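Enquirer: sequence-free structure coming up:
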């Protein structure tokens, strides 16, 4: 029986990320997907987190036959600062996971993990193989952590893994010091869904009164975004509309943009509705500030933008966008960003549009998972196709 226990860093709902996209496509496996824990301190920052503390007691959710989502129990804080705390947390997590495995008849599944904290858990869970899929430079996030502790846990986890994947080449290069299987496989796009953004779509109600040209950003509004470029362009071009779709993360300084009449913050929108919004954009924005985290990120939004064929204005970060330099407008500074936006708005090049769509097709999640599957079959971690 083919089984996977996935220990994710993103809850299954509401935003589909790499974890959900990969697990959804492994339809020949039974999968237990565990939403990540919250800490007991979480409600102090976010009152909504109080309910998340109880999520592990709620009924499981069957996404499709054979794919079940469970929540993990809450954990003690400061586990990214003190390894001893993480070990206490992970012993508790292991007991809970083993109980769920027994309930579902899982004996020795493949463990597919996404966080360095799992270094102190994997030896406590029976498994036939261990896959570490690294999606970020975890020690660059800051906050209640000691980067040296996080890096040490990641090194231990990578060394134990039978296969390591990474969403950025620099991450794969670093992890290869501990495991020579480390392979660069970037994020992708739900191509079939986001290709719909290249076609005529009904205009969402909350965009109908916003004047064109619309320069749109989709994704988390987090500190690593280059807000200075956006502020400069919005000031210099008051007739341009800047539309932001996504949640606001702590530490993001949006005050200047929110004070401008040509900036519109729409909040989160359901993923299945995003093509309707993207279809109205005159240009799509991928703007990351320079830094370790931005260099290594693999933005889902970028590959989704490609699938729409829309003009894209991007900073040179992350590095993986540079392979698409012939198809997009790259802005290394604020002045260049405004010029690139002007060029994108004026663009009417059918060849560029088709080139972006084909690049989006080649970057589909189906293609990414096929790459992973081929590697895992070769290494004997996945069984060969019958």
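Expert: The structure has been received and is ready for your questions. Please read these numbers as outputs of a predicted model, since none were measured by experiment.
Enquirer: Confirm that residue 16 sits in a helix.
Expert: No. Read with DSSP: H, G, I helix; E, B strand; the rest coil, residue 16 is coil and lies in no helix.
Enquirer: Just list the residues touching it, thanks.
Expert: Residues near residue 16 by Cβ atoms under 8 Å, 6 or more residues apart in numbering: 190, 271. (C-beta placed from N, C-alpha, C; glycine too.)
Enquirer: cutoff 7 Å now
Expert: residue 271 (Cβ atoms under 7 Å, 6 or more residues apart in numbering).
Enquirer: One more: residue 340?
Expert: 313, 329, 331.
Enquirer: mind listing which of these are in strands?
Expert: Judged by DSSP state E, the contacts of residue 340 include 313, 329 as members of strands.
Enquirer: Quick one: which of the contacts of residue 340 is the most crowded by neighbours?
Expert: Counting neighbours by other Cβ atoms under 10 Å, residue 313 leads those with 28 neighbours.
Enquirer: How far does the helix or strand of the chain with the lowest mean pLDDT sit from its chain's centre?
Expert: Within the chain, no helix or strand scores below helix 292-296, which has a mean of 75 by mean pLDDT, DSSP states H and E. Put simply, helix 292-296 sits 13 Å off its chain's centre (Cα atoms, centre = their mean, to the nearest Å).
Enquirer: related to what we said a few turns ago, what is the nearest of the contacts of residue 340 to residue 365?
Expert: residue 313 (24.2 Å; Cβ to Cβ).
Enquirer: Assign a three-state SS to residue 201, would you?
Expert: For residue 201, the assignment made with three-state DSSP gives coil.
Enquirer: The residue lying closest to it once chain neighbours are set aside: neighbour count?
Expert: Of all residues not flanking residue 201 in the chain, residue 279 sits nearest, at 3.8 Å (Cβ to Cβ, 6 or more residues apart in numbering). Residues lying near residue 279 (other Cβ under 10 Å) number 19.
Enquirer: How much space separates residue 279 from residue 202?
Expert: Distance of residue 279 to residue 202, computed by Cβ to Cβ, to the nearest Å: 9 Å.
Enquirer: again with residue 288
Expert: 31 Å.
Enquirer: you'd agree residue 238 is in a strand?
Expert: No. Looking at residue 238 with three-state DSSP, it is coil, so not inside a strand.
Enquirer: wait, doesn't it sit right on residue 211?
Expert: No. At 10.7 Å, residue 238 and residue 211 do not qualify as touching, with contact defined as Cβ atoms under 7 Å.
Enquirer: If I look at residue 154, what pLDDT would I see?
Expert: At residue 154, the model reports a pLDDT of 98.
Enquirer: picking up where we left off before, so between residue 288 and residue 202, which is more surrounded?
Expert: residue 288 (22 against 8).
Enquirer: And residue 48, what's its pLDDT?
Expert: Looking at residue 48, its pLDDT is 74.
Enquirer: quick one: it from residue 77, how far?
Expert: In terms of Cβ to Cβ, residue 48 sits 17 Å off from residue 77.
Enquirer: more crowded one of those two?
Expert: Between residue 48 and residue 77, residue 77 has the larger neighbour count (other Cβ under 10 Å), namely 17 against 9.
Enquirer: so that one, which of the three states?
Expert: Taking three-state DSSP, the label given to residue 77 is coil.
Enquirer: tell me the contacts of the closest residue to residue 284 other than its chain neighbours?
Expert: Spatial nearest neighbour of residue 284, excluding adjacent residues (Cβ to Cβ, 6+ apart): residue 305 at 4.1 Å. Taking Cβ under 7 Å, 6+ apart, we find residue 305 in contact with 284, 286, 312.
Enquirer: Which parts of the stretch 251-386 of the chain are helices?
Expert: Assigned by DSSP state H, counting those that start in this stretch, the helices in the stretch 251-386 of the chain fall at 255-258, 274-278, 292-296, 300-308, 334-346, 350-362, 365-378.
Enquirer: Tell me which of those sits nearest to residue 125.
Expert: helix 365-378 (18.8 Å).
Enquirer: how far does that closest one sit from the chain's center?
Expert: Computed by Cα atoms, centre = their mean, the separation of helix 365-378 from the middle of its chain amounts to 18 Å.
Enquirer: domain ranges for this structure?
Expert: Taking automatic domain parsing as the domain assignment, the ranges for the chain are 3-188+364-378, 191-362.
Enquirer: Tell me where the protein is predicted with low confidence.
Expert: 293, 386 (pLDDT under 70).
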